[in-house]
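Visitor: Generate coordinates for the sequence data below:
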Amino acid sequence: MSILEMKVPSPGESITEVEIASWLVKDGDYVEKDQPIAEVDSDKATLDLPAEESGIITLKAEEGEVVQVGQVVCLIDMDAKKPEGSAPAAEAPKTENAEAPKAEQKVVEKPAIVQEAKKEEAKPTSYATGTPSPAAKKILDEKGVDASQVSGTGKDGRITKQDAETASVPAMGAASSTGGSRSSSTTKLSVLRRKLAARLVSVKNETAMLTTFNEVDMSEIFRLRKQYKEEFAAKHGVGLGFMSFFTKAVTRALQMYPDVNASIDGDYKINSDFCDISIAVSGPKGLMVPVLRNAENMTFRGVEANIKSLAEKVRDGKITVDEMTGGTFTVTNGGTFGSMMSTPIINPPQSAILGMHNILQRPMAIDGQVVIRPMMYVALSYDHRIIDGKESVGFLVAVKEAIDNPVEFLMGGDERKALEL
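Guide: Next up is the predicted model:
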């Protein structure tokens, strides 16, 4: 009998462990090769784990369990036939018990044991929110906590060991409720969210972070988009958005103020002669920052096409760790959610981040006249250990002049040529 041991692949350099966020199949199911069987969380991304071969699967790790890269998380019986109709997939391996060597016994008996355990755990009928695992039941009994008062985060609402450990012991003589819902739930943070939280706290604690503000006039960009958006989309297959203008404005300013593109490594400053721009994208698993490599060499079409491709990967859960690693500067657009002003937090080990915000029609004094213009506040958060106030303000002024007058500063005076039309 051919048994495949599926091990956790390395999601990327420096990652040594992942967490089984959720199993997408059940123990004993028949799986097809390349079928996603689990979602795994690393400290940088949530990735799908595809089946390496077709066959009956035996799970070797629980949801919420932290496993090492290279650890076996499931077995696949590659000789098992795909069950027909509604026949239970878990019973398929039993047809070959008579010929099975030791390896087979290990694979076949596990589902049976699991099923027995589930029967034993299913006896209590008062567990309204899920059945505790044996380890969880023991912990709940010791703490004197009723399982019906615990929200399970495991598969099908199953109460895991982690759920039991974090369950609160009921207070003696607690005041009675005066009406309304009093329920609460405890959900374990994903590895990605925990890592992000730790990184953000470390930035606040370990950098001398300051933020400087300015405002930009979006009138010219509005005009260019209105005039060329249809022709640009028809020729290049992508829309002409705001991000290409801001990306090019940022790369120009970074070349003028190279320390904003630098980072600190101990007692050393690292300057890069390239601009790898991290673009913050909101996805179903949280905020991701895919990187535009050598953005200083990209055209408007190149920026828009690459951002579209990376954003689609983030939203489809197909972004790789390599595609989110190595940026030298970050651009984030809180304006898409309605933010008027914010102080974005630096994305380590970078030294600065540009925050974009929403666009509002505001009265502005232009040449002694009050006119209505589409205005946006922009914010630059920077590490004062490596970037001086003069550089930070100069950088933001350079971004402002490029956005206020993109034809002159970003397009070389020829807008059609710059847009490749």
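
Visitor: Could you list the low-pLDDT ranges of this structure?
Guide: For the chain, the stretches flagged by pLDDT under 70 are 1, 12-14, 43-44, 85-130, 134, 155, 169-179, 192, 285.

Visitor: So which residues of it form helices?
Guide: 102-122, 134-143, 161-166, 191-206, 219-236, 242-256, 300-316, 389-404, 406-409, 415-418 (DSSP state H).

Visitor: Any chance of CSV for those, columns distance to E62 and mean neighbour count?
Guide: Every residue, glycine included, has its C-beta placed from N, CA and C. Formatted as CSV, these follow (distance: least, Cβ to Cβ, whole Å; neighbours: other Cβ atoms under 10 Å):
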stretch, distance to E62, mean neighbour count
helix 102-122, 11, 14
helix 134-143, 9, 16
helix 161-166, 8, 19
helix 191-206, 15, 14
helix 219-236, 48, 16
helix 242-256, 41, 22
helix 300-316, 27, 18
helix 389-404, 48, 19
helix 406-409, 54, 16
helix 415-418, 55, 14
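
Visitor: Using a markdown table, lay out these together with distance to M356.
Guide: Formatted as a markdown table, these follow (distance: least, Cβ to Cβ, whole Å):
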| stretch | distance to M356 |
| --- | --- |
| helix 102-122 | 51 |
| helix 134-143 | 46 |
| helix 161-166 | 38 |
| helix 191-206 | 19 |
| helix 219-236 | 12 |
| helix 242-256 | 6 |
| helix 300-316 | 13 |
| helix 389-404 | 10 |
| helix 406-409 | 15 |
| helix 415-418 | 21 |
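
Visitor: Out of those helices, which gets nearest to Q35?
Guide: Nearest to Q35, of all the helices of the chain, is helix 300-316, at 16.1 Å by Cβ to Cβ.

Visitor: That closest one versus helix 219-236: what angle between them?
Guide: Angle, helix 300-316 to helix 219-236, by axes from the mean of the first three to the mean of the last three Cα atoms, to 10 degrees: 80 degrees.

Visitor: picking that back up, would you mind telling me which of the helices of the chain is nearest Q361?
Guide: So among the helices of the chain, helix 219-236 is nearest, using Cβ to Cβ, at 10.5 Å.

Visitor: And Q68, how far from A21?
Guide: Separation of Q68 from A21 (Cβ to Cβ, to the nearest Å) stands at 16 Å.

Visitor: For the two, indicate the residue with more neighbours.
Guide: Under the criterion of other Cβ atoms under 10 Å, the comparison of Q68 against A21 puts A21 first, with 21 against 11.

Visitor: what's the more buried one in contact with, if anything?
Guide: With contacts defined as Cβ atoms under 8 Å, 6 or more residues apart in numbering, the neighbours of A21 are 38-41, 46, 63-64, 190-191.

Visitor: From these, which land in strands?
Guide: Among the contacts of A21, DSSP state E puts 38-41, 46 in strands.

Visitor: Quick one: these as TSV, columns for neighbour count too.
Guide: Listed next are the ones in strands among the contacts of A21 as TSV, based on neighbours: other Cβ atoms under 10 Å:
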residue	neighbour count
A38	24
E39	20
V40	22
D41	24
T46	24
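
Visitor: Adding distance to T166, write those out as CSV.
Guide: Formatted as CSV, the ones in strands among the contacts of A21 follow (distance: Cβ to Cβ, whole Å):
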residue, distance to T166
A38, 23
E39, 21
V40, 22
D41, 18
T46, 22
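
Visitor: Could you check how far the closest residue in space to L410 that isn't next to it in sequence is from L419?
Guide: Nearest non-adjacent residue to L410, counting by Cβ to Cβ, 6 or more residues apart in numbering: K248, 5.0 Å away. K248 sits at a distance of 12 Å from L419 (criterion: Cβ to Cβ).

Visitor: Quickly list what's touching both of those two.
Guide: Residues touching both K248 and L419 (Cβ under 8 Å, 6+ apart) are F300.

Visitor: related to what we said a few turns ago, I'd say the residue nearest to L410 and V303 touch.
Guide: Yes. Using Cβ atoms under 8 Å, K248 is in contact with V303, at 6.8 Å.

Visitor: Mutual contacts of the two, please.
Guide: A295.

Visitor: OK, contacts around V69?
Guide: 8-11, 15-18.

Visitor: same thing but 6 Å
Guide: Contacts for V69 were tallied using Cβ atoms under 6 Å, 6 or more residues apart in numbering; they are 8, 10, 16.

Visitor: Repeat that for N358.
Guide: Going by Cβ under 6 Å, 6+ apart, N358 touches 335, 338, 340.

Visitor: and the second one, how many neighbours?
Guide: It refers to G338. Residues within reach of G338, counting by other Cβ under 10 Å, total 8.

Visitor: any idea how far the closest residue to T343 other than its chain neighbours lies from V191?
Guide: For T343, ignoring the flanking residues on the chain, the nearest one in space by Cβ to Cβ, 6+ apart is T211 at 4.2 Å. Distance, T211 to V191, by Cβ to Cβ: 29 Å.

Visitor: Then I270?
Guide: 28 Å.

Visitor: Could you do I353 as well?
Guide: For I353 relative to V191 (Cβ to Cβ), the value is 23 Å.

Visitor: what does D79 give?
Guide: Distance from D79 to V191, by Cβ to Cβ: 35 Å.

Visitor: Over to V8?
Guide: 13 Å.

Visitor: cool, and G389?
Guide: Distance, G389 to V191, by Cβ to Cβ: 37 Å.

Visitor: Tabulate the contacts of A21 in CSV, adding columns for distance to S151.
Guide: Shown next, in CSV, are the contacts of A21 (distance: Cβ to Cβ, whole Å):
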residue, distance to S151
A38, 22
E39, 20
V40, 23
D41, 20
T46, 21
E63, 14
G64, 13
S190, 17
V191, 20
